[in-house]
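Here's a sequence, model it:
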Amino acid sequence: MKAGQITQRFDVLAFTGRFQPFHCDHLAMVRYALERAAHVVVGVTNPDPVERTPHPASAHRHLSRANPFSYAQREALIAAALRADGIAADRFSILPFPLEDPACWPALLPPGTPQLVRIFSDWEREKLRRFEAAGYPTLALQGDIAARICASDVRVLLERGEPWSSWVPPGARELLFEWQSAGLAHGG
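Numbers count the residues shown, from 1 in each chain. Next up, the predicted model:
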């Protein structure tokens, strides 16, 4: 993410992802959005395990092992990380966002709500295409693949019992430690 790429100011920006789990790059994107908008909507995709569908641009995103955390757990991780970062509760909303069902998006986000997407792969380009096809303006940032934190890597480290905490922000980190101790956090 390069600072200064988007100079417009917005009332609301939306940022979506699976957040399996929420990690430091996700927090950086929320901060980036909050520098440009009064309010950020964090849309949690794949909220319903029954509705997950495969897509050729992301072969794993529908699999159970790639979605170990429930919507409620991801919402808690995100809220904990944002609170720990000092972000006021009135600056963000977290909601389930069924990316596979554009017909229900207007009930969740007013049409015209700009969508912030960081591009690493064909999957993010597909998200841009979906948002644009549904009439949502998009703001694309080119991601630095060499510096990328990937939730898949965090899940693997969690599963192996290897160090992962430096990739997860405070707040979310403590919840994951708590869940790990209780046997509720795993990577697959």
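
rest of the way, CA atoms for contacts and neighbours
Noted.

What's the local residue count around the closest residue to residue 92 other than its chain neighbours?
Excluding the flanking residues, the one nearest residue 92 by Cα to Cα, 6 or more residues apart in numbering is residue 40, at 4.7 Å. Neighbourhood size, residue 40 [other Cα atoms under 10 Å]: 26.

List the contacts of residue 40.
Neighbouring residues of residue 40 by Cα atoms under 8 Å, 6 or more residues apart in numbering: 12, 13, 14, 15, 30, 33, 34, 91, 92, 93.

buried subset of these?
12, 13, 14, 15, 30, 33, 34, 92 (16 or more other Cα atoms under 10 Å).

Just the ones in helices from those, please.
Applying DSSP state H to those, the entries found in helices are 30, 33, 34.

Where does residue 86 sit: helix, strand or coil?
coil (DSSP: H, G, I helix; E, B strand; the rest coil).

can you tell me how far it sits from residue 113?
25 Å (Cα to Cα, to the nearest Å).

For the two, indicate the residue with more neighbours.
residue 113 (19 against 9).

Hmm, the more buried one is touching residue 136, no?
Yes. Contact status for residue 113 versus residue 136: in contact at 6.0 Å, counting by Cα atoms under 8 Å.

re the thing from before, select, from the buried ones among the contacts of residue 40, the two members most distant in space.
12 and 30 (11.8 Å; Cα to Cα).

With only the CA atoms kept, save the helix or strand encompassing the residue nearest to residue 92 in PDB.
Here residue 40, judged by DSSP states H and E, is contained in strand 37-44. As requested, the backbone C-alpha atoms of strand 37-44 are provided in PDB (Å, rounded to 0.1, in the frame of the first residue of the first chain):
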ATOM      1  CA  ALA A  37     -13.400   8.500   5.400                       C
ATOM      2  CA  ALA A  38     -15.500   9.500   8.400                       C
ATOM      3  CA  HIS A  39     -16.700   5.900   8.800                       C
ATOM      4  CA  VAL A  40     -15.500   2.500   7.600                       C
ATOM      5  CA  VAL A  41     -17.800  -0.500   7.100                       C
ATOM      6  CA  VAL A  42     -15.900  -3.700   7.500                       C
ATOM      7  CA  GLY A  43     -17.700  -6.400   5.600                       C
ATOM      8  CA  VAL A  44     -17.000 -10.000   6.600                       C
END
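
average pLDDT across it?
Across strand 37-44, pLDDT averages out at 98.
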